[in-house]
Structures are given as C-alpha cells and as structure tokens.
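Student: sequence unknown, structure follows:
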C-alpha cells in the first residue's frame, strides 16, 4: 500500500503554523487596539481600538484559513488511505471467494466421479428359482400393499403375514411357511445384536 506519511507530516506542520498565526494575530489585535486607543483623543478611543485591532484580526483570520486548508488536506490523505485499505480488503475477500469456489468445484467433481464409478444396481432374477417363471414370484424390494396383509400367523411370538403367493416376515419373502418358520427359529438362536439389526 502507498504511504502518505510525508503529506500527513506536512499538513500537521501547517496546522501547527496556522495555530501560531492565529494566536499571534489575537495578541496583535489586543495590543494594537489598546495602543491605538491610547493615542486617540477621548471621544475617538473606540475608533482607535477598532483600527488598531484590524491588522491582528486579519492575521488571525489568515491563520484560521490556513488551519482549515490543512485539515482539508489531512482529510484527503485519510480518505486515500482508507480507500486503499478498503481496496485491499476487497481483493482479499475476492481471493477467498475464488478459493472457496475452486474448492466447491473440486468437491463437486469428486462426488460426480464417485457416482460415475458406483456400480449399477443389480436386479434380481427369479427365472431359476424352483423352475418358476419371473411373474410367479413377487419381487422382494417392491412395496407390498396393506390389503395383502389380511391374515397373520403367530409363531414363537412373531407374526408371519400371509400373502397371495407366499409369506412375509421382517421385510423378507418366503415361498413356503416352513421356510418362514426356519427363518424365525434362526433369528431366535442368533445373537441379540443380529436380531436387532434385522
């Protein structure tokens, strides 16, 4: 960033000189007015006071103008420095935004590549089960309507639901009731963690 210390120092020095001129002008107005009023006759002392104070007042006014211009210059220097700082912050924020955008694109591309590498879903084929056709055996992953759960069988404290083409228990389809009983028996002998997972 560009430094404005020289201009700031110059305006500080000009402000100091302006204050000196203002103070000297004030003293000159007081002493000049007093000296001029003493030299005048009795009735004209007020006019002498004003006439003697005018040069000091003009000097003080010039010092005031100099102080105002010095403060205007310092305000310009402050504005330039604040503008540079704002520009620097904007550039840093822009760089951070670009890095975040690049990171987001990398993550997005990473997920896209993972999806592309994922294996396609495997569909089960029922053509070889007990010589039955695919249409004769319902797919296990299809939702079963509530109407098909019209009847249930209790076995060892578990409910096995009777379907049109078989039996349903714990999201698993069975073609025979014996197979469902065997599955329930295996669940009872399995560890509790495995039963909870099923």
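Tutor: That came in fine, so what should we check first? Everything numeric in this text was worked out from a predicted model, so none of it was measured.

Student: quick one: furthest residue from the center of this structure?
Tutor: Distance from the C-alpha centroid of the chain peaks at residue 41, with 80.2 Å (Cα atoms, centre = their mean).

Student: how near is residue 10 to residue 72?
Tutor: Per Cβ to Cβ, to the nearest Å, residue 10 is found 13 Å from residue 72. To be clear about C-beta, it is placed using only N, CA and C from the backbone, and glycine gets the same treatment.

Student: so between the two, which is more surrounded?
Tutor: Counted by other Cβ atoms under 10 Å, residue 10 and residue 72 do not tie: residue 10 has more neighbours, with 15 against 10.

Student: what is the subsequent helix or strand relative to the host helix or strand of that one?
Tutor: Residue 10 belongs to helix 5-39 when assigned by DSSP states H and E. Reading on from helix 5-39 to the C-terminus, the next helix or strand found by DSSP H and E is helix 45-117.

Student: so for that next one, mean pLDDT?
Tutor: In this model, helix 45-117 has a mean pLDDT of 83.

Student: that one to helix 5-39, inter-axis angle?
Tutor: Relative orientation of helix 45-117 versus helix 5-39 (axes from the mean of the first three to the mean of the last three Cα atoms, to 10 degrees): 160 degrees.

Student: strands paired with the next helix-or-strand element following helix 45-117, and their directions?
Tutor: Using DSSP H and E, the next helix or strand after helix 45-117 towards the C-terminus is strand 151-155. Using DSSP bridges, the strands paired with strand 151-155 are strand 158-162 (antiparallel).

Student: I'd like the next helix or strand past the strand it pairs with.
Tutor: Heading C-terminal from strand 158-162, the first helix or strand you meet, by DSSP H and E, is strand 167-169.

Student: determine the set of other helices and strands touching that following strand.
Tutor: Judged by 3 or more Cβ pairs under 8 Å, 6 or more residues apart in numbering; DSSP states H and E, the packing partners of strand 167-169 are strand 158-162, strand 172-174, helix 177-189.

Student: tell me which strands that strand pairs with, and in which orientation.
Tutor: By DSSP bridges, strand 167-169 pairs with strand 158-162 (antiparallel), strand 172-174 (antiparallel).
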